[in-house]
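Engineer: quick one, fold the following:
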Amino acid sequence: MATDDLVLAQARMRRRRGAEAMPLPGARRPAGRGAGLGKASASIRYSLRSWSMIVALGLLLSLSAIARRLELPIQPPLGRLCAGCLRAAGGLYLKLGQFLANRTDLFHPQFLGPFAALQDRVSAMDLAEALSALPPAVGQSLQGGYDCRHARLIGSGSVAQVFAGRCRTSQRAVAIKVVRQPSRRLMLRDAAALRAVARRLSRLAPFRRWPLIAAVRICVRPICLQFNMHREAAIQRRFRARCTIAGEIATPEPIAVLHPHLLVMERVDGLRKLVDRPPGWAEALDRALDLLFTLLFAEHLLHCDLHPGNLFVGAEGDLVVIDHGLSCAIRPSDGHALARFFMALISFDPKAAAQICIETGSAAAGGADVAGLEADVEALFGDASRASAGAFNLQSFAASLIRIQARRGLISTPAFTLPVMALSAFEGQLKQIDPDADFQRAALGAVVRALSLAEAA
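Structural biologist: Residues are numbered from 1 along each chain as shown. Model (predicted):
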C-alpha cells in the first residue's frame, strides 16, 4: 500500500467512525443528570457483565473438572464453548483465557486445546484501520520515517497488533506495535467492574479474611498500564541493560515511541516458538527459568505475560523474549520476602515459612493462631515434599496456604498475589514443554544470589 493510499484509508476509517457516532438530526446530547444516568447505566452494565462471566466460567470449569473425574468424552465441546465465551467477551477475560491456556496440569488438555487460539491469533485489522484511531499526525510521522507499503501483520494479540516495516534511512527491519483501542477501553471498564465486584464480595463472610480488594487492585493495575508504550519501551531498555546476554538471552530494541499507543522497535526474524521444542529448546528453557527468577528476586521486575506467544528460540539458539507490556516492578522488601519463602520451600523449613507468613500478613479480628498455623504449614510442606517434581503445583500450593492463613486468623499479604500468578502461568508452560521439570530447584540459583546480595547490602 502506497503512502498516499494509507493516509486516505485512515481518513476513510475516521469518517466512518465519525458517522457511526454522529447523532441523528434534531437529537440532543445528554447533559447534566442524563449524562450521569448514562454513566451509572454503563457501570451497572459492566458489573453485570463481570458477574455473568464469573458465573459462566465457574460453571464451565466445574463441568470440565467433573467430566475429567468421570472420564466423560465432553472435554472438546466444553473447551470450545469456554474459549468462545472468552473470545467474545474480550477485554480482561481474553487475558484470563491466555493464562488458562497453559494449565494442562489443572485442566484436561482436550478442554484447553481451543484456548491456544487466544494466545496470538486474535481477530486482526489492517494498519490503516489501527492507525485511524490515533491522531493523523501520528500516521504521517510513521510514514515519514518508515516504509509501510508492505506492512504485513506479524502478530495480533488482545492488547495490540504488530506489523512489519522498514526504516527509510537505514533500511533496518522494524516492528510497529499499535494498541487496539477497542480492547483498551474494554479492559479499563472491565478492571473498574472487577474492582466493584471485589468490594461487594469482600463484605461476605467467606471472603472477609481474604485480601480480595487489594489483590484485585494489584493484579489489574499492570493490565491497565500495559497500553502505555513509553512505559513498555522503558522496561525493554531496563531488561536489555540488566538481563540480556549475548548469544543467550535477547529482546528487541525499542527504537521510537511515536505516540503513547504506538511503539517502533527492532524486528527479529527467524524466531521459533519455545513451546514447539525447536533445536536448542532445552538450553533456552533453562535460561527462561533462570531469567524469570532473577528478574523477580534480584531485579524486582515481574514479567506477567510469559506465555507461548512471547517466548522464542532465535536463529542462533538464544532465548528471545518479546512483549514487555505486562511487566511491573515490585517492592524490594516483597521480592526479598518471596525469595526467603522460596528458600524455606526448597530447603523444607516450614517454621521459617510460617514465620514469613506472620511477618508479611496481618492478624484478623481476634488474633492469629500461630501454633495452629505452624502445624498446618508443616503438613502442607509434607504433602509438597512427597509429590514428585512434575506433580508439584505452585498455584494449588499457594491457594492452600492462603486458606490455611484465613482459617488461622491471618490475612495473607496481597503483595504475593501477582508474583504467584505470573510464576503459575510460566509453570503451566514449563510443564507443557517438559512435564518432569523441577520448578522449585530451578529457582534455587536465583534465590541464593538474591539473598546473598541482600545480606551484602
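
Engineer: what about stretch 163-179, start to end distance?
Structural biologist: With CA to CA, to the nearest Å applied, stretch 163-179 spans 11 Å between its terminal residues.

Engineer: what's the answer for stretch 327-335, then?
Structural biologist: OK, stretch 327-335 end separation, CA to CA: 15 Å.

Engineer: okay, buried residues for that stretch please.
Structural biologist: Buried positions in stretch 327-335, judged by neighbour count with 16 or more other CB atoms under 10 Å: 327, 328, 330, 334, 335. C-beta coordinates here come from the backbone N, C-alpha and C atoms, glycine included.

Engineer: what does stretch 126-140 give?
Structural biologist: 126, 127, 128, 129, 130, 131, 132, 133, 134, 138, 139.

Engineer: what of stretch 202-221?
Structural biologist: 202, 209, 210, 211, 212, 214, 215, 216, 217, 218, 219, 220.

Engineer: same question, stretch 181-192
Structural biologist: Buried, per 16+ other CB under 10 Å, within stretch 181-192: 183, 184, 186, 187, 188, 189, 190, 191, 192.

Engineer: for those, which one is nearest residue 55?
Structural biologist: Top of the list for closeness to residue 55, among those and by CB to CB, is residue 190 at 15.5 Å.

Engineer: which helix or which strand is home to the closest one?
Structural biologist: For residue 190, the element it lies in under DSSP states H and E is helix 181-201.

Engineer: ok now that helix, how far from the chain's centre?
Structural biologist: 15 Å (CA atoms, centre = their mean, to the nearest Å).

Engineer: list the contacts of it.
Structural biologist: Residues from elsewhere that reach helix 181-201 (CB atoms under 8 Å, 6 or more residues apart in numbering): 42-43, 46-47, 49-51, 54, 90-95, 133, 158-159, 207, 212-213, 215-217, 220, 223-224, 227, 261.

Engineer: can you check stretch 363-380 too?
Structural biologist: Residues outside stretch 363-380 that contact it (CB under 8 Å, 6+ apart): 208-209, 350-351, 353-354, 357-358, 361, 397, 400-401, 404-411.

Engineer: phi, psi of the residue nearest to residue 239 when sequence neighbours are not counted?
Structural biologist: In space, and not counting its chain neighbours, residue 239 is closest to residue 251: 5.4 Å by CB to CB, 6 or more residues apart in numbering. In terms of degrees, to the nearest 10, the main-chain angles of residue 251 are phi -150, psi 150.

Engineer: so residue 251 sits right up against residue 238, yeah?
Structural biologist: No: Residue 251 is beyond contact range of residue 238, at 10.3 Å (criterion: CB atoms under 8 Å).

Engineer: returning to that earlier point: can you get me a residue count around the residue nearest to residue 239?
Structural biologist: Residues near residue 251, counting by other CB atoms under 10 Å, number 21.

Engineer: next one: the one 4 residues further on
Structural biologist: Counted by other CB under 10 Å, the residues lying close to residue 255 total 20.

Engineer: confirm that it sits in a strand.
Structural biologist: Yes: assigned with DSSP: H, G, I helix; E, B strand; the rest coil, residue 255 falls within a strand.

Engineer: correct me, but it touches residue 174?
Structural biologist: Yes: between residue 255 and residue 174 there is a contact at 6.3 Å, judged by CB under 8 Å.

Engineer: what's the closest non-adjacent residue to residue 219?
Structural biologist: residue 418 (5.6 Å).

Engineer: and that neighbour, how close does it get to residue 172?
Structural biologist: 35 Å (CB to CB, to the nearest Å).

Engineer: now do residue 395
Structural biologist: 42 Å.

Engineer: who has more neighbours, the two?
Structural biologist: Using other CB under 10 Å, the more surrounded residue of residue 395 and residue 172 is residue 395, with 17 against 14.

Engineer: is it true that that one touches residue 424?
Structural biologist: Yes: in this structure, residue 395 is within contact of residue 424 by CB under 8 Å, at 4.1 Å.

Engineer: now the common contact residues for those two.
Structural biologist: Both residue 395 and residue 424 are in contact with residue 103, where contact means CB under 8 Å, 6+ apart.

Engineer: thinking again about what came up before, shared neighbours of residue 255 and residue 174, anything?
Structural biologist: 167, 264, 265, 266.

Engineer: assign residue 155 to helix, strand or coil.
Structural biologist: Secondary structure, three-state DSSP: residue 155 is strand.

Engineer: can you get me a residue count around residue 310?
Structural biologist: 23.

Engineer: and it, its phi and psi?
Structural biologist: Backbone torsions of residue 310, given as degrees, to the nearest 10, read phi -120, psi 0.

Engineer: now it: closest residue in space that isn't a chain neighbour?
Structural biologist: In space, residue 310 is closest to residue 323, 4.7 Å off (CB to CB, 6+ apart).

Engineer: now, which of the buried residues of stretch 181-192 sits nearest residue 430?
Structural biologist: residue 187 (26.9 Å).

Engineer: would you list every one of the strands in the stretch 301-450 of the chain?
Structural biologist: Along the stretch 301-450 of the chain, counting by DSSP state E, counting those that start in this stretch, strands occupy 301-303, 311-313, 319-321, 327-329, 362-363, 410-411.

Engineer: which among the ones you listed is found nearest to residue 291?
Structural biologist: Comparing these by CB to CB, strand 319-321 comes nearest, at 7.1 Å.

Engineer: got the buried residues for the closest one?
Structural biologist: Neighbour counts using 16+ other CB under 10 Å place 319, 320, 321 of strand 319-321 among the buried residues.

Engineer: circling back to that earlier point, keep only those of the shared contacts of residue 255 and residue 174 that are in strands.
Structural biologist: Cross-referencing the shared contacts of residue 255 and residue 174 against strands under DSSP state E gives 167, 264, 265, 266.

Engineer: got TSV for those residues, with pLDDT too?
Structural biologist: Listed next are those as TSV, based on pLDDT from 0 to 100:
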residue	pLDDT
167	92
264	95
265	94
266	93
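
Engineer: from these, pick the one nearest residue 295.
Structural biologist: Of these, the one sitting nearest to residue 295 (CB to CB) turns out to be residue 265, at 19.4 Å.

Engineer: just the helices in the stretch 251-400 of the chain please.
Structural biologist: 281-297, 332-346, 350-360, 370-386, 394-407 (DSSP state H, counting those that start in this stretch).

Engineer: and the shortest one, average pLDDT?
Structural biologist: Looking at helix 350-360 alone, the average pLDDT works out to 89.

Engineer: and stretch 296-304, by the same measure?
Structural biologist: 84.

Engineer: and it, what's buried?
Structural biologist: 296, 297, 298, 299, 300, 301, 302, 303, 304.

Engineer: biggest separation within the residues you listed, which pair?
Structural biologist: The distance between the two most remote of those (CB to CB) is 17.3 Å, for 298 and 304.

Engineer: who touches the residue nearest to residue 239 in this structure?
Structural biologist: The contact partners of residue 251, taken as CB under 8 Å, 6+ apart, are 236, 239, 240, 243, 244, 320, 321, 322, 324.
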